[in-house]
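**Q** quick one, what's the 3D model for this:
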Amino acid sequence: MLRKLKSFDLQSQRILIRVDFNVPIENDTVVDDYRIRKTIPTIKYCIDQGTKVVLMSHLGRPKGKIDSKFSLMPAGEKLAELLEMPVKFSHDCISDDAINVSQNLQSGEVHLLENLRFYNEEIDNDSQFSMNLSKHGEIFINDAFGTAHREHASNVGIVKHFTNKGIGLLVEKELEFLSESLQDPSLPLLLIIGGAKIDTKIDVINRFLGLADNILIGGAMANTFLAANGYHMGKSLVESDKIDIAKKILLNASKTKTKIILPTDFNGELNSLGSEEFEYADKDNIKENMICEDIGKLSIDLFKNFISQSKTIFWNGTVGVAENKKFAVGTESIIDEIVNNECISVIGGGDTIAAVRNYDNELISAFSHASTGGGACLELLSGKKLPAIEILDKK
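**A** Model prediction:
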């Protein structure tokens, strides 16, 4: 059975926690501490229980080489700031010195290990590397949802070295909203899917066919679905090799209770991205040189109508080029409508989270849950098992 953090007797125990501190760092400073903040409840709970806390994470892709650009030291400094207490830091994750620091911690102290991916053994799920990591703790807790779909040494290989293992408060919440809440959702259930590529979203859409009442599709994905319906999308991004997949999804949807809703109009530019030759068109009159970059007013009203009627909403992917304020109107309108609707609202995906925070950072807390995982979020919504969670559920 999957054990939760609060089921353990933690007093004076050394607890090794896999966290996700894979955050953007510029000039040795963390520029977005969202993922670090999301781990604070787990870390503080452990400290309050008199635990000795050891944290491990990866950062970027250093390809098995020590590279100061990928050091977790700035993350450690940000963590110390957020916890308002000192954090010990080791410049290696498996050295004798690092293990000695962990084994000599006092109750209430926190120790952060250097980037796990300075060793290729981490990604290779090397057994010896896993064993060396396990020397840091007596209890293993996985609170790194963002890596739960990967089979690495620090989240899968390490588990066999612990009798006492489980999930942290963050992973517990992720599973609650991305898995358990779908077992008996409040209806109507709405899925909003955006972004550029169909590949990563196919399984999610297929799972929600027959489960969701409505699916709203925006972003460049919508271009491919509209092309599948015979519309000419000008110079907009269309995945020509995915048109048959889009046709199949639309056909399958017609056999279920689920209605797929596509945009009816667009705002964009002519000739090239950044041309600032702005253009508006409905889906029947898109010029050959137009690039669709955001949904139009009619589509916004259409989407808002479905949102207002829904009791449970899952949203992954922006419905326009939201990093450009001129084409963030559709996405921001969706944010406003969901926030104003009294419903269970779950958002996921880095671009979606960023769009909400760039629009109004305070609004992120207005959603029932904002997932810290991109790929892991999509895997779970697709109904797939997450290796790093599944192995913790085994006896």
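**Q** check the gap between Leu226 and Ala246 for me.
**A** Distance of Leu226 to Ala246, computed by Cβ to Cβ, to the nearest Å: 9 Å. Where C-beta positions appear, they are placed from N, C-alpha and C, glycine not excepted.
**Q** repeat that for Ala281.
**A** For Ala281, the distance to Ala246 - Cβ to Cβ - is 21 Å.
**Q** and if you look at Met73?
**A** 46 Å.
**Q** settle it for me: which of Ala281 and Ala246 has more neighbours?
**A** Ala246 (25 against 16; other Cβ atoms under 10 Å).
**Q** not counting sequence-adjacent ones, nearest residue to that one?
**A** Once flanking residues are discounted, Ala246 sits nearest to Ala228: 3.8 Å by Cβ to Cβ, 6 or more residues apart in numbering.
**Q** and what of Thr39?
**A** Nearest residue to Thr39 in three dimensions, chain neighbours excluded: Val19, at 4.7 Å (Cβ to Cβ, 6+ apart).
**Q** what does Phe266 show for phi and psi?
**A** Note on Phe266: backbone dihedrals following degrees, to the nearest 10 are phi -140, psi 150.
**Q** ok, now Glu180?
**A** Here is the backbone geometry of Glu180 (degrees, to the nearest 10): phi -60, psi -40.
**Q** contacts only, for it.
**A** Applying Cβ atoms under 8 Å, 6 or more residues apart in numbering to Glu180 gives no contacts.
**Q** look up how far Ile344 lies from it.
**A** The value you get for Glu180 to Ile344, if Cβ to Cβ is used, is 12 Å.
**Q** identify the contacts common to those two.
**A** With Cβ under 8 Å, 6+ apart as the test, Glu180 and Ile344 reach no residue in common.
**Q** quick one, helices of the chain?
**A** In the chain, the segments counted as helices under DSSP state H are 34-48, 73-83, 96-103, 120-123, 127-134, 169-178, 202-208, 219-228, 243-253, 297-309, 329-340, 350-360, 375-381, 387-390.
**Q** for the second one, list the C-alpha coordinates in PDB.
**A** Same thing as helix 73-83. The C-alpha trace of helix 73-83 is given here as PDB (Å, rounded to 0.1, in the frame of the first residue of the first chain):
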ATOM      1  CA  MET A  73      23.800  25.700  -4.700                       C
ATOM      2  CA  PRO A  74      21.500  28.700  -5.800                       C
ATOM      3  CA  ALA A  75      18.500  26.400  -5.100                       C
ATOM      4  CA  GLY A  76      19.900  25.700  -1.700                       C
ATOM      5  CA  GLU A  77      20.300  29.400  -1.000                       C
ATOM      6  CA  LYS A  78      16.700  30.100  -2.100                       C
ATOM      7  CA  LEU A  79      15.500  27.200   0.100                       C
ATOM      8  CA  ALA A  80      17.300  28.600   3.100                       C
ATOM      9  CA  GLU A  81      15.600  31.900   2.400                       C
ATOM     10  CA  LEU A  82      12.200  30.300   2.200                       C
ATOM     11  CA  LEU A  83      12.700  28.200   5.300                       C
END
